[in-house]
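**Student:** The following comprises the amino acid sequence and a computationally predicted model.
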Amino acid sequence: MSAVDTARDAWGEGIPDWIEALAQECDRTSQNRTAKRLGRSASFVSNILRKRYEASLTAAEEVVRGTIMSETVACPVLGEIGKHVCLKWRRKAGHFENVNAHSVTMYRACNRCPRCKGEQIDE
């Protein structure tokens, strides 16, 4: 059974487009390669495809949309960046690191950004 068939069986008619894109990428390459590309484990991908992932799917959706579907957001500092890149910087913005000037700039920008604060953004 293909990953797309597995996902459709689990999610039914209302399968989200990003789940279908994830399944297609698994069929195109492999589940392990897709997981590596996302920076996640193969079990993470498997649980999402089978609708068994119990945590919030918001971050997973952003990683898939940014990495596989090449969706972008407008960052006030970096310009157009992938959603997965935005998520990475938002996670880093949770704690201050004075590693270099760029990290400090991104920390400040992310903490002021409505996307980081969970506010609704029109894209």
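**Tutor:** Yep, that arrived. Numbering: from 1, shown residues only.

**Student:** Grab the nearest non-local neighbour of the residue nearest the centre of the chain.
**Tutor:** For the chain, V63 is the residue whose C-alpha lies nearest the centre (Cα atoms, centre = their mean; 1.3 Å). Nearest residue to V63, sequence neighbours excluded (Cβ to Cβ, 6 or more residues apart in numbering): H84, at 4.8 Å. (C-beta placed from N, C-alpha, C; glycine too.)

**Student:** Is the one you found part of a helix or strand, or is it coil?
**Tutor:** helix (DSSP: H, G, I helix; E, B strand; the rest coil).

**Student:** who touches the residue lying closest to V85 once chain neighbours are set aside in this structure?
**Tutor:** Beyond its immediate neighbours in the sequence, the residue positioned closest to V85 (Cβ to Cβ, 6+ apart) is G66, lying 6.5 Å away. Residues in contact with G66 (Cβ atoms under 8 Å, 6 or more residues apart in numbering) are 72, 82-87.

**Student:** Am I right that V73 is in a helix?
**Tutor:** No. Per three-state DSSP, V73 lies outside any helix segment and is strand.

**Student:** List the contacts of it.
**Tutor:** Contacts of V73 by Cβ under 8 Å, 6+ apart are 80-83, 86, 115, 123.

**Student:** need the helix or strand of the protein with the lowest average pLDDT.
**Tutor:** Every helix and strand of the chain was ranked by mean pLDDT, DSSP states H and E. The lowest is helix 83-92, at a mean of 87.

**Student:** picking up where we left off before, model confidence for the residue nearest to the centre of the chain, exactly?
**Tutor:** On pLDDT, V63 comes in at 90.

**Student:** doesn't R40 make contact with it?
**Tutor:** Yes. With contact defined as Cβ atoms under 8 Å, V63 reaches R40; the gap is 7.1 Å.

**Student:** what helix or strand does S70 sit in?
**Tutor:** In the assignment (DSSP states H and E), S70 maps to no helix and no strand.
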